[in-house]
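1. based on what follows, work out the 3D shape:
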Amino acid sequence: MKEVVSVEWLSQHLNDENVILLDASLPPPASKNELKQSAQTIPGAQFADLKHAFADADSAFPNTIPSPAQFEHQCRRLGIHATSHVIAFDQKGVYSSPRLWWLFKVMGHEQVSVLNGGLPEWIKHGYETVDHFDQKMEEGSFKAHYNSDYVKKYQDIVENSSSNTGTIVDARSEGRFNGTAPEPRKHLQSGSIPHSVNIPFQKVLDNGKFKSKEALKELFRDKCTKGDKLIFSCGSGITACIIMLACTLAFDKQMMVYDGSWTEWAELQGLRIE
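-> Sure, this is the predicted structure:
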């Protein structure tokens, strides 16, 4: 299964019976049915709400991974089966769609791909767009099989701070990583987790698409020299998945995301601005 597919591939397979097309754009639209004026999506796409349907609403931190039961329920509502090939895309190119890709991987579904370049690349090639989401009526039979190997939690990062057995790769900007630029959550200090390196997510992209495999290999080899297991982090777990997917494209390794990322780390470490 290809982790990333092109818009040319999607145009040829858009009407395949097993293809499920999910728009994972952030921020979510005002309506789950009708897009805002002038907004567009790909024909046949359904909306995958990363902020609500595919996140734990009871968590103290944003974008927390949902329970397997919640994920399974939402997938069935979207008509997804065990045999479905899920294609995730977003309206920024490559931004939030890798998060949805990772969630499917966590939940044991291997048949999932990200549309390289997303909606902007689709439009650039002159393919058709629509101003509404598709409404599937038939419920799917998707079954979640949670894989904890893909998920790192706060205590794992605390232990890694002592053992230094893994390298944390942070997708935030250099300023936020170095503590010279403020965090979007104004009550939190910026800075970095011990034993982490910085690869801003924009570094793995070129005009909204992933760079070549060789370019990605060079980037990661330059930053991650020890060959340790890699744990990906960011502000709240969204852009970490971009660089995780980039590393998967380069090295075909199983990669892990610190789901709480800097927001959880800074909160629980008491790194607050009074």
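2. Ser161 against Ser192, yeah?
-> No - Ser161 is beyond contact range of Ser192, at 11.3 Å (criterion: CB atoms under 8 Å). (Glycine included, C-beta is placed from N, CA and C.)
3. who has more neighbours, those two?
-> Ser192 (18 against 15; other CB atoms under 10 Å).
4. please tell me how far stretch 171-188 is from the chain's geometric centre.
-> Stretch 171-188 has its C-alpha centroid displaced from the chain centroid by 20 Å (CA atoms, centre = their mean, to the nearest Å).
5. name the residues of that stretch that are buried.
-> For stretch 171-188, burial by neighbour count (16 or more other CB atoms under 10 Å) applies to 171-173, 176-177, 183, 185, 188.
6. send me that stretch as PDB with only the CA atoms.
-> Only the C-alpha atoms of stretch 171-188 are listed here, as PDB (Å, rounded to 0.1, in the frame of the first residue of the first chain):
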ATOM      1  CA  ALA A 171       8.100  19.800  14.000                       C
ATOM      2  CA  ARG A 172       7.600  23.300  15.400                       C
ATOM      3  CA  SER A 173       9.400  26.400  14.200                       C
ATOM      4  CA  GLU A 174      13.000  27.000  15.100                       C
ATOM      5  CA  GLY A 175      11.900  30.000  17.200                       C
ATOM      6  CA  ARG A 176       9.500  28.000  19.300                       C
ATOM      7  CA  PHE A 177      11.900  25.100  19.700                       C
ATOM      8  CA  ASN A 178      14.800  27.400  20.800                       C
ATOM      9  CA  GLY A 179      12.500  29.400  23.100                       C
ATOM     10  CA  THR A 180      12.900  32.700  21.200                       C
ATOM     11  CA  ALA A 181       9.400  32.800  19.800                       C
ATOM     12  CA  PRO A 182       6.100  32.500  21.700                       C
ATOM     13  CA  GLU A 183       3.800  29.600  21.700                       C
ATOM     14  CA  PRO A 184       0.300  29.900  20.200                       C
ATOM     15  CA  ARG A 185      -1.000  29.000  23.700                       C
ATOM     16  CA  LYS A 186       0.100  32.200  25.300                       C
ATOM     17  CA  HIS A 187       0.200  30.800  28.900                       C
ATOM     18  CA  LEU A 188       2.900  28.300  27.900                       C
END
